[in-house]
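Asker: following is a predicted model, sequence given first.
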Amino acid sequence: MQMPRPTEADKEFFRSLIPDAPGVHVKPMFGNLGAFVNGNMFAGLLGPSVGVRLLSKQANDELSSADGVGPFGPGEKPMREYLALPDRWRDTPDQARRWLERALAEVAELPPKAPKARKTARPRV
C-alpha cells in the first residue's frame with residue numbers, strides 16, 4: 001500500500017487549522033502529520049486530506065451529512081472514528097477549523113495516554 005504524501009502547502013494548511021490550546025501538539029506520522037491532545041490523536045493529515053476524530057454519534061452523524069465528507073485513512077483501511085473533511089473547505093477554512101475544535105474538545109475528555117516506553121539497547125557482551 002502506497003502512503004500518500006502531503007505537500008508543504010498541505011502541511012501548512014493543516015497546521016493553520018490546529019487550535020492553540022494547552023496539551024496540543026503536532027507530530028510527524030509516517031510522512032504525514034497528526035494533531036494530539038494529551039497523547040490522543042484528534043486530527044490527522046494524510047496526503048492532502050484532513051481528518052478529524054469524532055467520538056460522539058451526534059457529531060459523527062452531523063459531519064457525515066455534509067457534502068464531500070468521506071472516510072479517512074490509507075487506501076482501503078479507513079480509521080475508525082475519523083472522517084475526512086471536504087477538500088472544498090480549503091477555500092473556507094473556518095468550517096474546517098470548527099470541526100477540528102470540536103474534535104479537540106471531544107478527544108480532550110479522554111484519559112491522557114501514557115507515552116510508550118522506549119526500548120533501550122542491550123549492552124553488548
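Answerer: Arrived safely, thanks for sending. The structure presented is a predicted model; accordingly, all values stated were derived computationally and were not measured. Residues are numbered from 1 along each chain as shown.

Asker: hey, let's count contacts and neighbours off CA atoms from now on
Answerer: Fine.

Asker: give me phi/psi at L46?
Answerer: Summarising the backbone geometry of L46 under the convention degrees, to the nearest 10, its torsions are phi -130, psi 100.

Asker: what ranges do the strands span in this protein?
Answerer: For the chain, the strands identified by DSSP state E occupy 24-29, 32-37, 40-46, 49-53, 70-71, 82-84, in order along the chain.

Asker: can you check which of those strands gets nearest to R118?
Answerer: Using CA to CA as the measure, strand 24-29 is the one of the strands of the chain that comes nearest R118, at 16.8 Å.

Asker: sheet partners, orientation included, of the least confident helix or strand in the chain by mean pLDDT?
Answerer: Sorted by mean pLDDT, DSSP states H and E, the helices and strands of the chain end with strand 70-71, the least confident at a mean of 93. In its sheet, strand 70-71 lies beside strand 82-84 (antiparallel), with partners assigned from DSSP bridges.

Asker: restricting to C-alpha, output stretch 62-69 in CSV.
Answerer: Taking only C-alpha atoms (Å, rounded to 0.1, in the frame of the first residue of the first chain), the coordinates of stretch 62-69 have been written out as CSV:
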residue,chain,number,x,y,z
GLU,A,62,-23.7,15.8,11.7
LEU,A,63,-20.4,15.9,9.9
SER,A,64,-21.2,12.8,7.8
SER,A,65,-24.2,14.6,6.4
ALA,A,66,-22.0,17.4,4.9
ASP,A,67,-21.4,17.1,1.2
GLY,A,68,-17.9,15.8,0.4
VAL,A,69,-17.2,14.2,3.7
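
Asker: no further queries at this time; thank you.
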